[in-house]
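Student: Okay, predicted coordinates and the sequence, questions at the end:
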Amino acid sequence: MNKIIGIIIGIVVLVGIGWFVMVRDDSSDTSDVVQDNNSNTGTVQNPTQARAPIVLADQKAIPTDTTAVVTGKVTPNGAITSYWYEYGTTPDMGKMTTRHMLGSGFSAISSPAYITGLTKDTTYYFRLNAENQFGKVSNGKHSFVTSSEFTPIVGKISTAKTLPATSITRTSADLHGEVLPNQADTQYWFEYGPTVNLGNISSFSSAGKGTATLPVAASLSNLSPSTTYYFRINSQNIFGTVNGVVLNFETSGPSNTAVPTASTVSATSVTDSTANLRGIVNAKGANTNYWFEYSTDSGFKASALKTTEKAAVGSGEIDVPVSAMASPLLSKTTYYFRVVAENSLGTTRGDSMNFKSK
C-alpha cells in the first residue's frame, strides 16, 4: 500500500460556505506519464513548437456526500488539447469523466470537472489526464473521502457563445461573446490564431457567478495584415470547461505600407480668379490625405503660401488622380503649385509647376 506522505487540510470558500477538504497524495504514482513521441519536463522550452501537453501536479478535490469537484492545471503546448479525470474506489480507478476541450495555448489553464453518483463516506482515487496530437500525459494519483458533513455544491456548468468580431483593422480586432455563469464563479477567455488550431489566448477575465447572460469582449492587437484569424470563446467554472464555436475574420490589407507618392500633373480651367489643380497620389496601403499648395512665390514661402482643403484618397496601392480648385486668384499673375500627400508614415510633395491666371 502506498505510503501517505502528506495530508493537506484546507478551507475552500465556495458560494460563501466553508469546505474542509482532505486530499491524499499517493506519491508512488506521480511519475505515471505516457507520451507518444515527446518528453515532458514540466516547462515550455520552445513556445513556438507544439508538443505534448503538461499536466501539473497540483490536483485537488472538493467532495460532498455523493459528488466531488476535482481540479488541476494543464498546459496545452500549442495543440488542441482535451482533459479528463479517471476515478474510482481502488487505485486502479476504472471510471472517467467527460472529456473537456482546453484549447491550444502555451499557458497553464485550470482544468476542473464535476463527478456525481459517488457513495458517501468512501475513499476515491482520481488522476488528471490530458491529450493532444503529440501525446497523452498523466501525472499523479490522489484521493479524497466523501462525507455527508459537506454541504452540496451550488450552481452548474457555464455556457459560452462566440459572436462575430468587430472593429477589424490591419493589425487589430475586437472579439465578442456571451457567457452565462450559472451561479458558480466563472472565468472566460478567447483563443485565436491564423489556423483552426488557434494557438493564442487572450487574458483571463471574470464573468462573476450570476444567473444572467453577460456580453463579454477582448481586444486584440499586433495582428498580421491581410490574414484570416480563427477564434472562439471559452468559459470555465468548477463544473468544467465550455468552448464556443470557432468563427473567423480577416484583417484588412495591404501586407505592407509606405510613405505615399505624389506627382503634380497640371493646372486646367484657368480663369482670372480660379484654376483646377491636378495631380496623382498613391496611398501605399495607409489612409492618406492630399491637398495642393500654391503661391506667387516659387519657393513657397510661408507668408505667401495658400492651400486647398485636405481630402481623403483612401488606403489603396494604386495611382489615383486627384484635383482641387485654387481660389481666389489674382488676375494676370503667375502661380506656382504642387500636390502634397500625407499618411501615418510620412508626407510627400510633388514637383513644382506653374500657370498664369487670365
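Tutor: Thanks, I have it.
Student: all contacts plus neighbour counts: C-alpha atoms, from now on.
Tutor: OK.
Student: I figured residue 229 hits residue 192, correct?
Tutor: Yes - counting by Cα atoms under 8 Å, residue 229 touches residue 192, with 6.6 Å between them.
Student: Model confidence score at the residue lying closest to residue 323 once chain neighbours are set aside, please.
Tutor: Once flanking residues are discounted, residue 323 sits nearest to residue 278: 4.3 Å by Cα to Cα, 6 or more residues apart in numbering. You'll see residue 278 listed with a pLDDT of 98.
Student: Not counting its neighbours along the chain, what's nearest residue 246?
Tutor: Spatial nearest neighbour of residue 246, excluding adjacent residues (Cα to Cα, 6+ apart): residue 232 at 4.7 Å.
Student: gap between residue 322 and residue 81?
Tutor: 55 Å (Cα to Cα, to the nearest Å).
Student: the more surrounded of the two?
Tutor: Using other Cα atoms under 10 Å, the more surrounded residue of residue 322 and residue 81 is residue 81, with 26 against 21.
Student: Show me what stretch 290-303 is in contact with.
Tutor: Contacts to stretch 290-303, defined as Cα atoms under 8 Å, 6 or more residues apart in numbering, come from residues 277, 281, 304-313, 324, 326, 333-342.
Student: and it, average pLDDT?
Tutor: Confidence over stretch 290-303 (mean pLDDT, whole number) is 96.
Student: burial count for the residue nearest to residue 323?
Tutor: For residue 278, the neighbour count with other Cα under 10 Å is 20.
Student: wait, it sits on residue 264?
Tutor: Yes - counting by Cα under 8 Å, residue 278 touches residue 264, with 6.6 Å between them.
Student: what sits in contact with each of the two?
Tutor: Joint contacts of residue 278 and residue 264 (Cα under 8 Å, 6+ apart) are residue 339.
Student: In contact with the residue nearest to residue 246, which residues?
Tutor: By Cα under 8 Å, 6+ apart, residue 232 lies in contact with 162, 190-192, 243-247.
Student: Could you measure from the residue lying closest to residue 164 once chain neighbours are set aside over to residue 148?
Tutor: Spatially, and ignoring its direct neighbours in sequence, residue 164 is nearest to residue 176 (6.3 Å; Cα to Cα, 6+ apart). According to Cα to Cα, residue 176 stands 42 Å off from residue 148.
Student: Comparing those two, which shows the higher neighbour count?
Tutor: Shown here are residue 176 and residue 148; by other Cα under 10 Å, residue 176 has more neighbours (20 against 13).
Student: what's the more buried one sitting at in phi/psi?
Tutor: Residue 176 adopts backbone torsions of phi -130, psi 150, taken as degrees, to the nearest 10.
Student: again, but for the one 10 residues further on
Tutor: For residue 186, the backbone dihedrals (degrees, to the nearest 10) come out as phi -130, psi 140.
Student: swap in the one 4 residues further on?
Tutor: Main-chain torsions, residue 190, degrees, to the nearest 10: phi -110, psi 140.
Student: ok, for it, nearest residue in space, not its chain neighbours?
Tutor: residue 233 (4.4 Å).
Student: Isn't that neighbour up against residue 177?
Tutor: Yes - assessed by Cα under 8 Å, residue 233 is found in contact with residue 177 at 6.4 Å.
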